[in-house]
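A.B. asks: I would like the atomic coordinates for the input below:
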Amino acid sequence: MMPSDKSTWDPPVFQFTNCWILKNHELQREDLWVRDGKILNPEKLFFDEKKPADIRLDCRGCIIAPGFIDVQINGGFGVDFSLATDDVAAGLSLVGQKILSHGVTSFCPTLVTSPPSVYHKVLPQICVKNGGPHGAGILGVHLEGPFISKEKRGAHPEDYLRTFETGAFQDLLATYGCLDDVKIVTLAPEMKRSSEVIQELTKRGICVSLGHSIANLSQAEEAVHHGATFITHLFNAMLPFHHRDPGIVGLLTSDQIPPGQQVFYGMISDGIHTNPAALRIAHRAHPKGLVLVTDAITAMGLAPGRHTLGQQVVEMDGLNSYIAGTTTLSGSVATMDTCVRHFTKATGCSVETALEAASLHPAQLLKIEDRKGTLDYDSDADFLLLDDSLHVQATYIAGQQVWKKDGFVI
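C.D. replies: Just a heads-up that it's a prediction; the model follows:
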């Protein structure tokens, strides 16, 4: 028998109705069409294939937004990504699964300053992978340190800080061992030979972020000229804004950014790391560059007490977490959906703006907005159903429901 031209099985077309979808920066009263893991253009379906949806789903007035992308997450639920274990994949898998209920559909596991032996053991065990029912997708690793400032190290252990003034990029390579699945490197741009290092990383498609730094504005601008595009948790672990030299913070309104280049900046919108007034200043100065990050640590999702962050012990008390025995903040225990809600409340911004800060902007930062971070036709069908107060009701990856709130019916 001759094989037919048409495949024997066509993936079903899903039509999500009775919803508000975030499209072109606005919530629109439209249906969302999905097939085979992608957002579908219904006009093409009607005109080319002349067929209706196979399955219609009533969203009961929910908002549909692109899945959240967390580009700075150190662990959570008892897992610390900076611990050198033989089974890093198990920890990644647990966190990837747990963050689905908070709307995160893809993330960059983040390693804090560690000795080379830890990088050499952990990095080969982290691979870029698609998300699914097993958990959120891994977009690549974020290496925060050890090439950072001693003065602004924050919760990073001083003993393991390094410079690259001897061999520049070769020093960095020797420290990390492997850059295959690395997506972001946070470094201090005032360090000697940082320009060479930034150029080498950028050439390899790795996003360079400025942070844990005492850089002045001209040093920060020079780093941007060499390819840096991100600022790690703005205001935290950098020189405070000063009117005669605004430091890294000044990049938000700098007139020295090369044409066609955009600077993004991470904000920990947990009500602790950044005062609401500071959040508002940053947002009003440069709204299109704001990227919400959790900077979550092992203790996210756990009871108060002592936990680890790489080589350090941290103490968690309510929503505050400190390096044990000090008043140094050590990452956050807030989840991404909490950060989105706090950001909306603190800035008075629109729902659309808050949702894009956790989806479109991180996708643009990582240069993956052609497939993630929007509900545009042909992009990956990673999306969330949320109620009016932005509580996640259901999470979808590649068009498949991977989490649903108890009692939510669709």
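A.B. asks: May I have the beta-bridge partners of the nearest residue to Pro42 once chain neighbours are set aside?
C.D. replies: Distances taken as Cβ to Cβ, 6 or more residues apart in numbering place Trp33 nearest to Pro42, at 4.7 Å, with adjacent residues excluded. (Each C-beta comes from the backbone N, C-alpha and C, glycine too.) Under DSSP bridges, the beta-bridge partners of Trp33 are Gln15.
A.B. asks: these two touch, right, Trp33 and Phe14?
C.D. replies: Yes. Using Cβ atoms under 8 Å, Trp33 is in contact with Phe14, at 7.1 Å.
A.B. asks: Pull up the overlap in contacts between those two.
C.D. replies: Common contacts of Trp33 and Phe14 (Cβ atoms under 8 Å, 6 or more residues apart in numbering): Ala53.
A.B. asks: How many residues are close by the residue nearest to Pro42?
C.D. replies: 21 (other Cβ atoms under 10 Å).
A.B. asks: ok, it - contacts?
C.D. replies: Taking Cβ under 8 Å, 6+ apart, one finds Val13, Phe14, Gln15, Phe16, Ile39, Leu40, Asn41, Pro42, Leu45, Ala53 in contact with Trp33.
A.B. asks: How about Pro133?
C.D. replies: Ile397, Gln400, Val402.
A.B. asks: nearest residue to Val249 other than its sequence neighbours?
C.D. replies: Phe241 (4.7 Å).
A.B. asks: Now for that neighbour, how many residues are close by?
C.D. replies: 15.
A.B. asks: oh, and call the first residue 45 from now on, that's how I've got it
C.D. replies: Let's use 45 as the start, then, which means that last one is Phe285.
A.B. asks: In this structure it contacts Leu295, no?
C.D. replies: No. Under the criterion of Cβ under 8 Å, Phe285 is not in contact with Leu295, lying 11.3 Å apart.
A.B. asks: Please enumerate the strands of the stretch 345-454 of the chain.
C.D. replies: Applying DSSP state E, counting those that start in this stretch to the stretch 345-454 of the chain gives strands spanning 349-353, 356-361, 364-367, 427-430, 436-441, 444-448.
A.B. asks: Show me what counts as buried in stretch 400-416.
C.D. replies: For stretch 400-416, burial by neighbour count (16 or more other Cβ atoms under 10 Å) applies to 400-410, 412-413, 416.
A.B. asks: and the one helix or strand Ala326 maps to, how far out from the chain's middle?
C.D. replies: Ala326 is part of helix 320-329, with elements assigned from DSSP states H and E. What separates the centre of helix 320-329 from the centre of its chain is 20 Å, taken as Cα atoms, centre = their mean, to the nearest Å.
A.B. asks: residues of that helix that come out buried?
C.D. replies: Ala322, Leu323, Ile325, Ala326, His327.
A.B. asks: now stretch 78-97
C.D. replies: So for stretch 78-97, counting by 16+ other Cβ under 10 Å, buried means Val78, Arg79, Gly81, Lys82, Ile83, Leu84, Pro86, Leu89, Ala97.
A.B. asks: Can you give me the first-to-last residue distance of that stretch?
C.D. replies: The straight-line separation of the ends of stretch 78-97 (Cα to Cα, to the nearest Å) is 9 Å.
A.B. asks: Show me where the stretch 195-344 of the chain has its strands.
C.D. replies: Counting by DSSP E, counting those that start in this stretch, the strands of the stretch 195-344 of the chain are 226-231, 251-254, 274-275, 308-312, 334-337.
A.B. asks: partners of the last one, with directions?
C.D. replies: Take DSSP bridges as the rule and strand 334-337 pairs in its sheet with strand 308-312 (parallel).
A.B. asks: what angle separates the strand it pairs with from strand 226-231?
C.D. replies: 80 degrees (axes from the mean of the first three to the mean of the last three Cα atoms, to 10 degrees).
A.B. asks: Please, where are all the helices along the stretch 45-194 of the chain?
C.D. replies: In the stretch 45-194 of the chain, the helices defined using DSSP state H, counting those that start in this stretch lie at 86-88, 132-142, 160-166.
A.B. asks: Single out the most deeply packed of these.
C.D. replies: With neighbours taken as mean count of other Cβ atoms under 10 Å, the helices of the stretch 45-194 of the chain reach their highest mean count in helix 132-142, at a mean of 19.
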